[in-house]
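1. missing the sequence, but the structure's below:
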């Protein structure tokens, strides 16, 4: 006879785990956005990826990697300086799965050129899916991918590293990068005396033969387990970008001395560090004095990934909330059938669908930028605007998702508390909200005609939708004001919403109309669900969000 698990009660009216699902196949808005932006041919491989990352085993790896945080081992048993970071095996397994799928390099050819086609869109779909399971490990994944854009400024370094970056192998051994099956790259820009203002950097670089010796510090350097880093330092010619390997050319451990790992709110599976350079060996990337111009090529791609990850986190929050509501009963009805809960979930679903369409449209611009000046202008103007809107949206969205689960959402047994802690980092990293708004203003100032063409194109793509024409007029008026910086957040949010409406109109015109009616034609309420969508529209949104 089977013994009851509890002598006092039976466990029922709880939702089953949301796992062993195909995270691509159950996400109709993602599949539609990928197809609309040129990636339909990758449907089968994305479904395979979705099944793998939607498995219970992968979910457990994400949990273990965050419960068992990295540890810094400064010295070995004999007192030699090593500065190694140790991770739980689950972290290495996550890295290996992402690397095997090419999430760190599939947008590049073997010689470091843009892969073309829909490579950015397809890779973004993988990144979006992986972020729903474990986001911390994606930090070195995204930096490795993005570093290739900066290394293009130094063809000799790119030529020698690309054969190792370009493999789909993950090699966590502590060894010189040129001896490894695969490598990862990190970056260090921020110093104690100035975060955003990197021109205030005090770290010095002095020529030493064919290379440089760098002395100074970085207040934030991610991720310390990487095989090399792109760092900024002051050379004779000004602020310069450098390639700093973990091992010097003679095979000795480079003088990169990690002081401690950051104790962060979220992103806990990933190691972020404070570091001192005690005459560390490095090679210049690009010209002396052109460091910002060089590294911004990398930053543009990491900003893109911040937006994708934020939308992935919101998608996961929505999926878990909707899954729970369909299984949980209250007052003799499933939560998902309660009118107020339907209003909340459908409004959330509309936001996620628009955000997904928007980031995939941005990735299409990245794919087409080398051949299309209009797409290049879209990418330059809208990358900071999209990062601003999506990354700022994620924390309150995930709070709402947690509330849909009640107490079950708030405890650490589930994934939503981790998602909530994770979500603020994307808005803070690679340029906070104000920096993104200022970057939009700079793009407008530098390329006024191209930016105006982008706005005109968005106006055409949203023609006839509720509130779109008024939004276009308001955006233009705000950016023309002499005090445009003061109202930049309002204008940038409107710009992102307009772009989201245009992107969604290419995927689902019906839902684009709903988005415009609830976000452009009227100011959206501060809380999800404070909108008036018909029963039919609510049911359609929820069925599309999760079968």
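-> Thanks, I have the structure now. These figures come from a predicted structure and were not determined experimentally.
2. go through stretch 515-532 and flag the buried ones.
-> Buried residues in stretch 515-532, counted by 16 or more other C-beta atoms under 10 Å: 515-520, 528-529, 531. C-beta here means a position set from N, CA and C on the backbone, and glycine is covered the same way.
3. that should have said stretch 150-159, apologies.
-> Within stretch 150-159, the residues that count as buried by 16+ other C-beta under 10 Å are 150-154, 157-158.
4. quick one: residues contacting the residue lying closest to residue 271 once chain neighbours are set aside.
-> In space, and not counting its chain neighbours, residue 271 is closest to residue 70: 4.1 Å by C-beta to C-beta, 6 or more residues apart in numbering. Neighbouring residues of residue 70 by C-beta atoms under 8 Å, 6 or more residues apart in numbering: 85-87, 91, 225, 261, 269-271.
5. are any of those residues buried, and if so which?
-> Buried by 16+ other C-beta under 10 Å: 85, 87, 91, 225, 261, 269-271, out of the contacts of residue 70.
6. report the two of those separated the most.
-> Spatial extent of the buried ones among the contacts of residue 70 (C-beta to C-beta) is set by the pair 91 and 261 at 13.4 Å.
7. thinking again about what came up before, from the contacts of residue 70, which land in helices?
-> Using DSSP state H, the subset of the contacts of residue 70 located in helices is residue 91.
8. and of the buried residues of stretch 515-532, the nearest to residue 55?
-> Closest approach between those and residue 55, by C-beta to C-beta: residue 528, at 29.5 Å.
9. ramachandran coordinates for that closest one?
-> Main-chain torsions, residue 528, degrees, to the nearest 10: phi -70, psi 140.
10. so the closest residue to it other than its chain neighbours: helix, strand or coil?
-> Residue nearest to residue 528 in three dimensions, not counting chain neighbours: residue 347, with 4.6 Å by C-beta to C-beta, 6+ apart. Using DSSP: H, G, I helix; E, B strand; the rest coil, the structure places residue 347 in helix.
11. list the contacts of residue 347.
-> In this structure, residue 347 makes contact with 518, 528-531, 533, judged by C-beta under 8 Å, 6+ apart.
12. ranges for the strands of the stretch 301-450 of the chain?
-> Using DSSP state E, counting those that start in this stretch, the strands of the stretch 301-450 of the chain run over 329-330, 333-334.
13. that should have said the stretch 1-150 of the chain, apologies.
-> 71-75, 81-86.
14. export those strands to CSV and tack on distance to residue 443 and mean pLDDT?
-> Formatted as CSV, those follow (distance: least, C-beta to C-beta, whole Å; pLDDT from 0 to 100):
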stretch, distance to residue 443, mean pLDDT
strand 71-75, 39, 96
strand 81-86, 37, 94
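15. most packed of those strands?
-> Most buried of the strands of the stretch 1-150 of the chain, by mean neighbour count (mean count of other C-beta atoms under 10 Å): strand 81-86, with a mean of 16.
16. other SSEs contacting it?
-> Here strand 81-86 touches strand 71-75, strand 256-261, going by 3 or more C-beta pairs under 8 Å, 6 or more residues apart in numbering; DSSP states H and E.
17. could these be laid out in CSV, adding distance to residue 21?
-> Shown next, in CSV, are the helices and strands packed on strand 81-86 (distance: least, C-beta to C-beta, whole Å):
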stretch, distance to residue 21
strand 71-75, 33
strand 256-261, 34
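18. so, low pLDDT: which residues of the stretch 401-547 of the chain?
-> For the stretch 401-547 of the chain, no stretch is flagged by pLDDT under 70.
19. next one: the chain
-> 1-4.
20. could you point out the longest strand in it?
-> strand 272-285 (DSSP state E).
21. count of neighbours near residue 406?
-> Neighbour count for residue 406, taken as other C-beta atoms under 10 Å: 12.
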